[in-house]
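Enquirer: Predicted model, plus sequence, below.
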Amino acid sequence: MMAKKSFDDVVNMAFNVKPKKPVDPFEAAQKVLDKKPYPFKAEKTQSAPDTAKKEVKQSEPIETQVDQAGQGRAPQYMEVPLELIDDNPFNARAIYLPERINDRAADIKLHGQLTPGLAIRKGERYQLIAGHYRKRALPLAGFSTMKLLVYDALSDQQQYVLSYKENAEVNPQTPLDNAIRWRAMLNDGLFKTELELAQSIGQSKSNINKTLAILNLSKDVLDLIEQDPATFALSTMYELTLLEKAAGAKETVYAATQVMHDGWGRKDVSTYREKFERQEVAPRRRNETSRQYKIVNGEDKIGAIKEWDNGKVMLEVTSLSPEERVRLVNQLKQIFAINE
């Protein structure tokens with residue numbers, strides 16, 4: 001059984017943590033198209049005019065939005081030099097872990113890039129929609145090009161939603177990823193309201209609200225979560241936000257560390273929070289009233305006796321001569337039967 005760590009030990013630790021058969025790439029791309037016809041499969045009979053600027057109702061499914069935006073043709077399969085590929089500013093993922101990039105690079109070096117990324121044309125360049133881990137891993141694996149399925153155009157919202165859904169199928173972004181991206185897009189007006197965002201990605205408004213609340217955590221807590229964001233479920237992180245309100249940042253760092261290293265979950269954080277909330281609502285003790293009696297010598301006050309209803313008595317005497325002090329102490333010893 002692991003020895004129990006003290007609170008300070010845990011908090012200090014938090015800040016010091018520091019073979020498959022090769023597949024032909026064209027065959028792999030075709031399998032992707034067969035498996036996920038949307039959004040790769042085009043309508044066979046429609047040849048829409050220029051509808052790139054056509055207004056799209058955000059309440060409609062993303063599949064319908066892509067069709068309305070003029071995606072009448074299937075994407076083109078290409079191999080593109082990495083230096084011509086830019087990241088998607090509306091990518092659903094915000095955090096990329098170095099160890100995961102290295103793992104992906106090792107896999108690509110052994111098997112090649114089996115799944116193409118998604119991209120759109122931007123003049124002479126290409127903007128990635130999905131496949132950012134692959135893009136970061138390819139140069140580490142010794143590759144200078146990336147396999148892509150390239151669209152002619154997609155709206156900013158469609159880029160994000162496709163990125164979100166592609167990640168959700170393969171390697172879902174964490175709640176912290178979502179919180180960072182959702183807050184940025186709402187601030188930039190890409191989605192006007194939390195409800196519009198929720199409808200676009202198939203989430204509840206309550207889930208959007210709880211996810212955004214993660215960013216209210218203090219910097220120390222967020223820095224800790226960022227070390228291993230996949231460990232923290234949304235429900236657990238929401239409990240951390242409630243804990244910080246009840247107990248402060250230091251206690252929340254402690255709880256977050258327990259989540260990372262000792263397997264705490266939502267219920268554990270909730271129980272820990274309730275301990276502090278019970279302290280806050282505990283009835284306060286009634287203030288006790290003291291009574292004071294002055295001790296005088298002539299006209300001079302030389303001390304006082306104080307007593308309280310709870311039985312406490314305090315004696316304070318000053319300005320006594322050595323003889324008077326000895327006599328008083330001896331009398332008190334006799335009263336309390338103190339034998340030397």
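Expert: Now that the structure is in, tell me what you want to look at.

Enquirer: and the host helix or strand of Arg278, which residues are buried?
Expert: For Arg278, the element it lies in under DSSP states H and E is helix 266-281. Buried residues in helix 266-281, defined by neighbour count with 16 or more other CB atoms under 10 Å: Arg266, Asp268, Val269, Tyr272, Arg273. Quick note: C-beta positions are derived from backbone N, CA and C, even for glycine.

Enquirer: in its sheet, what does the very next helix or strand once past that helix sit against?
Expert: Later in the chain than helix 266-281, the nearest helix or strand by DSSP H and E is strand 290-297. Strand 290-297 pairs in its sheet with strand 300-308 (antiparallel), by DSSP bridges.

Enquirer: Contacts for the helix holding Arg278 next, please.
Expert: 233, 235-236, 238-240, 242-243, 246-247, 251, 255, 258-259 (CB atoms under 8 Å, 6 or more residues apart in numbering).

Enquirer: what about 10 Å?
Expert: 232-248, 251-252, 254-256, 258-259, 262, 264 (CB atoms under 10 Å, 6 or more residues apart in numbering).

Enquirer: do stretch 245-252 as well
Expert: Counting by CB under 10 Å, 6+ apart, 7-8, 11, 216-221, 224, 239-244, 254-255, 269, 272-280 sit against stretch 245-252.

Enquirer: one step back: which one of the buried residues of helix 266-281 is nearest to Tyr160?
Expert: Closest approach to Tyr160 among these (CB to CB): Arg266, at 27.9 Å.

Enquirer: Point out where this structure drops to low pLDDT.
Expert: Within the chain, the ranges that satisfy pLDDT under 70 run 1-73, 90-92, 94, 167-171, 280-289, 340.

Enquirer: domains in it, as residue ranges please.
Expert: Per automatic domain parsing, the domain ranges recorded for the chain read 22-44+56-173, 217-281, 290-335.

Enquirer: okay, these in a markdown table with distance to Ser204 next?
Expert: Formatted as a markdown table, these follow (distance: least, CB to CB, whole Å):
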| stretch | distance to Ser204 |
| --- | --- |
| domain 22-44+56-173 | 15 |
| domain 217-281 | 12 |
| domain 290-335 | 54 |
